[in-house]
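Novice: just need the structure, nothing else, for what follows:
(2 chains)
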Amino acid sequence: MSLIDALPSPALRRRSWHPNSVLLCLSGVMLASAWLFSLVSVAPNRIVTGTSFGIVDAIGWPGAALISMLFMAIAALATVPSQGHYRAILGIIMLTLLLMPFGLMVAGHWLVDASMPQARLGIGAAYWTVLFVLLLCLVELRLRLGLSRWWPTLILSAIGAVWWGCAALWLGNLALVQEFQARDTQFYQAVKQHIALVSIAVGVSVVLGLLLAMLMRRYQRLQKVAFALLNFLQTIPSLALFGLLLAPLAWLGANVPMLAALGISGIGNAPALIALIAYSLLPMVRNTYIALEEVSVETLQAAKAMGMRTGQRFWQVRFPLALPVLLEGVRITAVQAVGLTAVAALIGAGGLGTFIFQGLGQAAMDMVLLGALPILILALMVDAGLGALADALRPGGQE
Amino acid sequence: MTPNANVGSVTNVPNTQWLLPFGWALLLLISIMGMPLLESVFRWVEPDARQVIYSRAAFYELLGRHVLVVGVAAVVTITAGVLAGIAVTRERGRDFLPLVGQLASLGQTFPPVAVLALAVPVLGFGTLPIIVALMLYGLLPIVRNTLAGINDVDATIKEAAQAMGMTPWQVLRHVELPLAAPVILAGVRTSVTINIATAALGATVGASNLGDPIIAGIVNGNMAYVLQGALLIALLALSVDSAFNVYQQRLRRRLSAF
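Specialist: The predicted structure is shown next:
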C-alpha cells in the first residue's frame, strides 16, 4: 500500500493476546474505591454531618467479599474478551446494580439506631463512584456489543424501577427517602413544573429557530447580524439574564393590565421562559441553519429535475434530510434547558432547582441531592431519548 | 494558558488586530475603576434603592477571583483534556478512545448547577465546588476538538514524518500537535468563554466572584447590582473571546504560510 508497510515498523509488536484494558481499568477503580472510600454515613439528624463507615462496617465481610468477587469476575472475563464474555459481564453489572439497594438495606439495619426516628443513612463516596463507573462499563459494553441506544435505557429503567420499589418499601431510614417523604407532593409538583418549563422553552425555540434559520437563508445580511446578536446573548451569564428580566417584566405587569392578566410579572414563569428561550435560540438556530445548508446540492437538483416545486423540494427533500442534524440541535438545546431551568428557581419559577437552593440555604445536603439527582437523571434521559430518535431518523438506519 | 497570558505575550508586536481585545479589556478596566462615577446612571435604573453601587467587595477583587477560578479550571481542563486526547489517539490507548469520547460528552450533559450542588457536600461551600463544576463542564469542547484535530491530520503526512526517521514522540511534537493546534485552540476558546459566564453560578455556593452582585441584586430586587455584575462578566468574556479570536487567526495564517 505504501512505503511504510515495507519498513520494519513497530506494528510488528502487536500481540495476539489482547485483553480489554478499559474494563480491566474500570473494575480496578471500582475495587479500589469500594475498599478505600466510605460506603455509607450515619447522621443523627438532617443538619449534622454523619460518621462515615467503610465497606466492612457497612455490609460485613460476606457482603464485602461478594462485591469484590463480582468486580474481580468482571476483570477476569475482560482479560479474554469475546462476545460471550461481554454478555456475561453485562449480566454481572446488572446483578451488581440490582444488589446495590440491598446493601443499603443491610447497612441501614445494622448501623441506624431504630430508637432515633431522626437518624438517617447517607450514601458515601464509594457508593457513588461505583455507580458512576458501572455506568461507564455499560457505555463500553454497549459499544463492544454493538447495541443500540435503546438497550441501556431499557436496562437502566428496569433497574431504576427496582430501586424505586426498594426505596419506597424498605429504605425508610435513607436520608434521601426521608427528605422525599417530607415533601413528596412538592416534589411531584416541581418535577412537573420543571418538565413543563423545559418543553415550552424548547418547543418555542424550535419553531422560532426554524423560522429564523429559513429567514437567514433567504436574507444573507440577516445571518451575520443574527449570529452576532445570539453569540453576544450567550456571553451574558444565565443568572444575569434571569435577573435583568425581572424589572422590565415587573413594570409591564404593573402597568399593562392585559399582560398582567396573562400572568406576566417580575417574578416567576415569564422572565424564566423568556431567558430560557433566549438562551436556547443560539444552539437551535445554529444547528438548524447548518442542517438545512448541508443537504447535498445534487440531491436537490435531482428533485428539481423530477419536477418538484419549491415547497415540495423543501418539505419533502431538504427538511427530512436535515432532520437528524436538526434533532441534534434540539438535543443540545433541551439538555442545556434542563440545567438552566434549575437556575430559574432563583427568580421563583419553581422546578427542581427550588430544592437545590433551599437546601443550600439551610445547609441540608440531602435536600440538595433531592433536587440535583432528578435534574441529572432528567438531563441524561433527555440526552439518551433524543439521541436515539436522531439515530432512528438518520437515512439508512443507524450510525 | 490563562486568558491574560495571551494578551501579555504579544504586547511588543505592533499589530492592529490586537486593538479589539485591548479595547474590550480597557473598557473592562475603565468600568471597574469608574463604576462609582456611574452612580447617577444606576440611580436612574433604581430610583428607590438605598444604594445603587454594589459595595460589599471591591469590583477589582471580584474580577480577580473570577479570573482566578476560570483560570485554574481552564489550566486543569486543558492539561487533562489535551493529554487524554493525545493518549487515546496513540496506538496503545486506542481502546479507550470511545469511552473518553463518551465520557466527555457525558460531562456536558451534567448541568453545572447539579454538579455544583453535588460537589458542595463533598468539598464544602466556597470556591472549590465551582472549580470542579467548571472543569467537568469545560472538558467536552477541549477533548472533542483535540480528538478531531489529531484524527484529522493527514495520514500521509504522518507517514512521511515516520519515513524521515522521526520517533513517535517527534511525530507528535513536530507534526501532529502543530497541525491540530488551531482546532484544539477553538475548543479551548469555547470552553473558557462558556466557563466565564458559568462561573457566576459559584456565587450561589459562597464563592465570591462577579456573580455576587447578580445574586445580591436578585435577592434584594436591585436591578442596578444585576446590571453591574452582568456588564463586567460580559466585558470579561468579550475581551477573552476576542483575544482568542486574534490568536487563532494568527495560528491559522502561520500554518497556511507553508
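Novice: quick check on residue A:349: phi, psi?
Specialist: Dihedral pair for residue A:349: phi -90, psi 0, per degrees, to the nearest 10.
Novice: got a list of what it touches?
Specialist: A:193, A:197, A:268, A:269, A:271, A:272, A:273, A:341 (C-beta atoms under 8 Å, 6 or more residues apart in numbering or on different chains). C-beta here means a position set from N, CA and C on the backbone, and glycine is covered the same way.
Novice: which members of the residues you listed are the farthest-apart pair?
Specialist: The most widely separated members of the contacts of residue A:349, counting by C-beta to C-beta, are A:193 and A:271 (14.9 Å).
Novice: ok, residue B:83 - contacts?
Specialist: Here residue B:83 is in contact with no residues (criterion: C-beta under 8 Å, 6+ apart).
Novice: helix or strand for it, which one?
Specialist: If you go by DSSP states H and E, residue B:83 is part of helix B:59-89.
Novice: where in chain A is pLDDT low?
Specialist: A:1-17, A:253, A:256-268, A:395-399 (pLDDT under 70).
Novice: got the domain boundaries for it?
Specialist: Per automatic domain parsing, the structural domains of chain A span A:16-181, A:184-393.
Novice: may I have the phi/psi pair for residue 154?
Specialist: You didn't say which chain, so I picked chain A. Main-chain torsions, residue A:154, degrees, to the nearest 10: phi -60, psi -50.
Novice: that's the wrong chain, I wanted chain B
Specialist: Dihedral pair for residue B:154: phi -60, psi 130, per degrees, to the nearest 10.
Novice: how about the one 10 residues further on?
Specialist: Dihedral pair for residue B:164: phi -70, psi -10, per degrees, to the nearest 10.
Novice: that one and residue A:335, how far apart?
Specialist: Distance of residue B:164 to residue A:335, given as C-beta to C-beta, to the nearest Å: 46 Å.
Novice: more neighbours, the two?
Specialist: residue A:335 (26 against 10; other C-beta atoms under 10 Å in any protein chain shown).
Novice: touching, that one and residue A:383? I think so.
Specialist: Yes: contact criterion C-beta atoms under 8 Å: residue A:335 and residue A:383 qualify, at 5.2 Å.
Novice: quickly list what's touching both of those two.
Specialist: residue B:109.
Novice: please identify the deepest-packed of the domains of chain A.
Specialist: A comparison of those by mean neighbour count, using mean count of other C-beta atoms under 10 Å in any protein chain shown, puts domain A:184-393 on top with a mean of 19.
Novice: and the residue nearest to residue A:271 when sequence neighbours are not counted, what element?
Specialist: Closest residue to residue A:271 apart from its sequence neighbours, by C-beta to C-beta, 6 or more residues apart in numbering or on different chains: residue A:245 at 3.6 Å. Using DSSP H and E, residue A:245 falls within helix A:238-255.
Novice: show me what contacts the residue of the stretch 201-350 of chain A found nearest chain B?
Specialist: In the stretch 201-350 of chain A, the residue that lies nearest chain B is residue A:339 (2.6 Å; C-beta to the nearest C-beta). By C-beta under 8 Å, 6+ apart, the contact list for residue A:339 reads A:375, A:379, B:111, B:112, B:113, B:114.
Novice: next: residue B:165.
Specialist: No contacts exist for residue B:165 under C-beta under 8 Å, 6+ apart.
Novice: helix, strand, or coil at it?
Specialist: On the three-state scheme (DSSP: H, G, I helix; E, B strand; the rest coil), residue B:165 is labelled coil.
Novice: what's the spacing between it and chain A?
Specialist: Counting by C-beta to the nearest C-beta, to the nearest Å, the separation of residue B:165 from chain A is 10 Å.
Novice: and that residue, what are its phi and psi?
Specialist: Torsion angles, degrees, to the nearest 10, at residue B:165: phi 100, psi 20.
Novice: for the chain, longest helix please?
Specialist: In the absence of a named chain, chain A is used. helix A:184-218 (DSSP state H).
Novice: that was the other one, I meant chain B.
Specialist: Chain B, longest helix under DSSP H: helix B:223-256.
Novice: that one and chain A, are they touching?
Specialist: Yes: Helix B:223-256 reaches chain A (C-beta under 8 Å from any C-beta of the partner chain) through B:223, B:226, B:227, B:229, B:230, B:233, B:234, B:237, B:238, B:241.
Novice: among those residues, which ones are buried?
Specialist: Among these, those classed as buried by neighbour count (16 or more other C-beta atoms under 10 Å in any protein chain shown) are B:223, B:226, B:227, B:229, B:230, B:233, B:234, B:237, B:238, B:241.
Novice: which pLDDT does the model give the second one?
Specialist: In other words, residue B:226. In this model, residue B:226 is scored at 84, pLDDT.
Novice: and what of the first one?
Specialist: Reported pLDDT at residue B:223 in the predicted model: 80.
Novice: apart from its neighbours in sequence, what residue is nearest it?
Specialist: Closest to residue B:223 by C-beta to C-beta, 6+ apart is residue A:247, at 4.3 Å.
Novice: in contact with the closest residue to chain A within chain B: list those residues for me.
Specialist: The nearest approach of chain B to chain A comes at residue B:111, 2.6 Å away (C-beta to the nearest C-beta). With contact taken as C-beta under 8 Å, 6+ apart, residue B:111 is in contact with A:335, A:338, A:339, A:340, A:342, A:375, A:376, A:379.
Novice: contacts only, for residue A:389.
Specialist: Applying C-beta under 8 Å, 6+ apart, we find residue A:389 in contact with residue A:327.
Novice: pretty sure it sits in a helix.
Specialist: Yes: under three-state DSSP, residue A:389 sits within a helix.
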